[in-house]
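Engineer: Sequence first, then the predicted structure:
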Amino acid sequence: MWRLCHNGKGVRLILLSMAMAACCLIVSQAAWADVADQEKDLQTSLKQSGKQVSLAARKLEAGLDASPEIARLRTLAENIRVTHMLLEERFRLREEKARSVGAEILSRQKAMAEGYKAALTKYLSLIDSLPATGPIPQSAIRNLQSLLEKILPRKKRPLIGSLPYKHLNLPAIEPTAAPAITPAYQGGNKTVSPDDTRSTPEAPISKEIASLAQSLNWQPVAIYEYVKNNIATEWYWGCMKGAEETLHQKSGNDCDQATLFAALLRASGFPTRYVRGSIEFIASGKEKPIDRIRDLFGIDDPANIARFLQKAGIPFKPVIAGGGIANFRIEHLWVESQIPYANYRGAIIDDRGKTWLGLDTSIKVKGYQQNQPRDIYELSAVSGQLAQVRDQYLGIASSGTGSTPFELNQTPLEYFKTQLSALSRTRS
């Protein structure tokens, strides 16, 4: 990681995170470049500059000519300047997006961008201040050395011993056999308590959650369908994201989807609880359960499905039938909610007939099938357009017409998506 010191106390900012805030930066000559290439280019140029500065310092101390090293420094500085300009534009776009997320995120983004800009601006000004002709002052080289020592990372010390670098192959865990708490929808405690409607850290009734619930008309059916149809299922164990981050990423496992579902239901005034237990997969029609599981996981071999669940940390137990794995029983989390069910089954016509219902959004809709999408970039109609779209993006970026990609806050990937959609419409 790179670090940046602002004062004698050595307050450090992470310079490398600038590239994490940039998305899909501009390419070299033939294709889009990954954002990692931009940060790697900047880091490489600064490291090479550090070597040239050290060589120049040793030559000047020995009374030798350091002009080749200074010329190389100026060349590297031009590369740094170009990358710096591209990254500043990405920071501006990122700051616009951060405004809609929250004050804390915006503050961190501004602090990172300001620290990065201060360091690079100071470095480039020191390079520009070097005399074009005549002797190079040793003080100027020392200033460059001092600044680069603050920006560039220190060499990592080797670790004593060894650390694991692959999966530990820990034993598989079976679903818990702890005493069960009977859920309300199966005859358990049906009395509503304050905890059933309370905002919690993992399922907060925030402004964002409340606004989404309102946009769904506080309808339990609409909320259920939104989470089930818009949040992709991921397979890992335990809550990792919470309701808001699950909503932002549009993905999560059973627990994280349950937190989002619970937050939306509670924001709509429906008492909601979590239910934890074990489930087996149910097939539809003539399909066997193991076939459904293959589609859900995208893995054909049941033995590999078992290994996947083991590595994901999900407690499971194979169900053996007919001499092979016919199903899996996994530990699972879902919700139950008290909903008016007598009239139109959850569509709010009135509040009569309230009853507790068990609801799960993470096992997706009936008829879910694995597909094999085509790589559109291999299609000649698309691959032949990449260079043209790139040139359009770069060529009109500063035209000042009010409708350029930069002025519309479009990343290269977003711009390409709009052009690809337009191309598809013309060919359909």
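Structural biologist: Yep, that arrived. In this text the structure is predicted, and so the values were computed from the model without any measurement.
Engineer: So residue 357 belongs to a strand, correct?
Structural biologist: Yes: assessed by DSSP: H, G, I helix; E, B strand; the rest coil, residue 357 belongs to a strand.
Engineer: so who does it touch?
Structural biologist: 185, 336, 337, 338, 339, 341, 346 (CB atoms under 8 Å, 6 or more residues apart in numbering). C-beta here means a position set from N, CA and C on the backbone, and glycine is covered the same way.
Engineer: Could you check the pLDDT of it?
Structural biologist: Residue 357 is assigned a pLDDT of 93 by the prediction.
Engineer: Next secondary structure after the host helix or strand of residue 38?
Structural biologist: With secondary structure defined by DSSP states H and E, residue 38 is part of helix 35-61. The helix or strand immediately downstream of helix 35-61 is helix 67-99, counting by DSSP H and E.
Engineer: now the following helix or strand past that next one, how far from the centre of its chain.
Structural biologist: Note on helix 67-99: by DSSP H and E, the next helix or strand toward the C-terminus is helix 103-128. In terms of CA atoms, centre = their mean, to the nearest Å, the centre of helix 103-128 is set 23 Å apart from its chain centre.
Engineer: Now do helix 103-128: which elements does it pack against?
Structural biologist: The contact analysis (3 or more CB pairs under 8 Å, 6 or more residues apart in numbering; DSSP states H and E) places helix 103-128 against strand 3-5, strand 12-14, helix 17-21, helix 67-99, helix 138-151.
Engineer: rerun at 7 Å
Structural biologist: Applying 3 or more CB pairs under 7 Å, 6 or more residues apart in numbering; DSSP states H and E, one finds that helix 103-128 contacts helix 17-21, helix 67-99, helix 138-151.
Engineer: out of these, deepest packed?
Structural biologist: Burial of the helices and strands packed on helix 103-128 is given as mean neighbour count (mean count of other CB atoms under 10 Å); helix 17-21 ranks first at a mean of 20.
Engineer: what's around residue 54, how many residues?
Structural biologist: 15 (other CB atoms under 10 Å).
Engineer: Return the distance of it relative to residue 275.
Structural biologist: 64 Å (CB to CB, to the nearest Å).
Engineer: What of residue 172?
Structural biologist: 23 Å.
Engineer: quick one, which of these two is more surrounded?
Structural biologist: In terms of neighbours (other CB under 10 Å), residue 275 is the more surrounded of residue 172 and residue 275; the figures are 20 against 16.
Engineer: Nearest to the middle of the protein, which residue? Look it up for me.
Structural biologist: Nearest residue to the geometric centre of the chain (CA atoms, centre = their mean): residue 249, 6.7 Å.
Engineer: Could you check the pLDDT of that residue?
Structural biologist: 93.
Engineer: which ones are touching it?
Structural biologist: Applying CB atoms under 7 Å, 6 or more residues apart in numbering to residue 249 gives the contacts residue 241.
Engineer: For the nearest residue to residue 328 once chain neighbours are set aside, give its distance to residue 325.
Structural biologist: Once flanking residues are discounted, residue 328 sits nearest to residue 316: 5.4 Å by CB to CB, 6 or more residues apart in numbering. Remark: distance between residue 316 and residue 325 (CB to CB) = 11 Å.
Engineer: quick one: which of those two has more around it?
Structural biologist: Neighbours per residue, other CB under 10 Å: of residue 316 and residue 325, the larger number sits with residue 316, 21 against 18.
Engineer: Show the contacting residues for the more buried one.
Structural biologist: 172, 175, 309, 328, 329, 330.
Engineer: ok, residue 394 - how many residues close by?
Structural biologist: Neighbours of residue 394 (other CB under 10 Å): 13.
Engineer: which element is it on?
Structural biologist: helix 386-395.
Engineer: So which elements touch that helix?
Structural biologist: helix 412-427.
Engineer: and the gap between the residue of the chain positioned farthest from its centre and residue 137?
Structural biologist: Largest separation from the mean C-alpha position in the chain: residue 63, at 52.9 Å (CA atoms, centre = their mean). Applying CB to CB, the value for residue 63 to residue 137 is 14 Å.
Engineer: do residue 64 as well
Structural biologist: 15 Å.
Engineer: what bits of the stretch 1-150 of the chain have low per-residue confidence?
Structural biologist: 1-36 (pLDDT under 70).
Engineer: Between residue 64 and residue 137, which is the more surrounded one?
Structural biologist: residue 137 (13 against 10).
Engineer: who touches the more buried one in this structure?
Structural biologist: Residues in contact with residue 137 (CB under 7 Å, 6+ apart): none are found.
Engineer: In terms of helix, strand or coil, where does the nearest residue to residue 240 once chain neighbours are set aside fall?
Structural biologist: Of all residues not flanking residue 240 in the chain, residue 256 sits nearest, at 6.3 Å (CB to CB, 6+ apart). When classified by three-state DSSP, residue 256 comes out as helix.
Engineer: Neighbours of residue 256, how many?
Structural biologist: Residue 256, neighbours per other CB under 10 Å, totals 28.
Engineer: Now do the contacts for it.
Structural biologist: So residue 256 contacts 239, 240, 241, 242, 246 (CB under 7 Å, 6+ apart).
Engineer: among those residues, who's most crowded?
Structural biologist: Neighbour max across the contacts of residue 256 (other CB under 10 Å) = residue 246, 28 neighbours.
Engineer: and it, helix, strand or coil?
Structural biologist: helix.
Engineer: ok, it to residue 219 distance?
Structural biologist: Residue 246 is 20 Å from residue 219, by CB to CB.
Engineer: Kindly report the same for residue 380.
Structural biologist: Note on residue 380: its distance to residue 219, by CB to CB, is 47 Å.
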